[in-house]
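Peer 1: Mind looking at a prediction? Sequence and model below.
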Amino acid sequence: MFLFLTVVQAIVAAALVGVILMQRSEGGGLGVGGSPSGMLSARGAADFLTRSTKWLAILFVVLSIGLAAVAVETTGGDAIESTLDRSVTPAAPADPLGPATTGEAAPASTDPLGDATE
């Protein structure tokens, strides 16, 4: 169900982008010629694209809410708690003022260039 709604959401999003890009920025629609009162007139195309944009946007929002509801139902609250590993013991806090525990002996003295002197 979730995968199906996701695919439908992607198709609606692509159609919404396409319909929005077909509109003129000043609201004229496709601007194709034809009879002034027909569907393919500038006014008819603008009305069709405006209505299409409105319904695709409504469908997109409804699908988004539906996908969120399905996602909440499928995950559940105790899925996070069951993945916690409670058997790990915490590490001892490091003493920042204590000796270094790297295992290597530090050189007795160093010059400013970083070369060890004897």
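Peer 2: All right, it came through fine. Residues are numbered from 1 along each chain as shown.

Peer 1: Every contact and neighbour count from this point should use C-alpha atoms.
Peer 2: Noted.

Peer 1: Pretty sure L97 sits in a strand.
Peer 2: No: under DSSP: H, G, I helix; E, B strand; the rest coil, L97 falls outside any strand and is assigned coil.

Peer 1: Quick check: the gap between it and S52.
Peer 2: Separation of L97 from S52 (CA to CA, to the nearest Å) stands at 69 Å.

Peer 1: And T74, by the same measure?
Peer 2: 32 Å.

Peer 1: more crowded one of the two?
Peer 2: More neighbours surround S52 than the other of T74 and S52, with 16 against 10 (other CA atoms under 10 Å).

Peer 1: just checking, that one touches V19?
Peer 2: Yes: taking contacts as CA atoms under 8 Å, S52 lies within contact range of V19: 7.3 Å.

Peer 1: can you map out the strands along the chain?
Peer 2: 109-110, 116-117 (DSSP state E).

Peer 1: taking the mean pLDDT, what do you get for the last one?
Peer 2: Translated: strand 116-117. Per-region confidence: strand 116-117 scores 56 on mean pLDDT.

Peer 1: next one: the first one
Peer 2: For strand 109-110, mean pLDDT rounds to 56.

Peer 1: So that it lines up with my notes, have the first residue be 546 from now on.
Peer 2: Renumbered: residue one is now 546, and that last one reads strand 654-655.

Peer 1: need the longest helix for this protein.
Peer 2: Ranked by residue count under DSSP state H, the longest helix found in the chain is helix 587-620.
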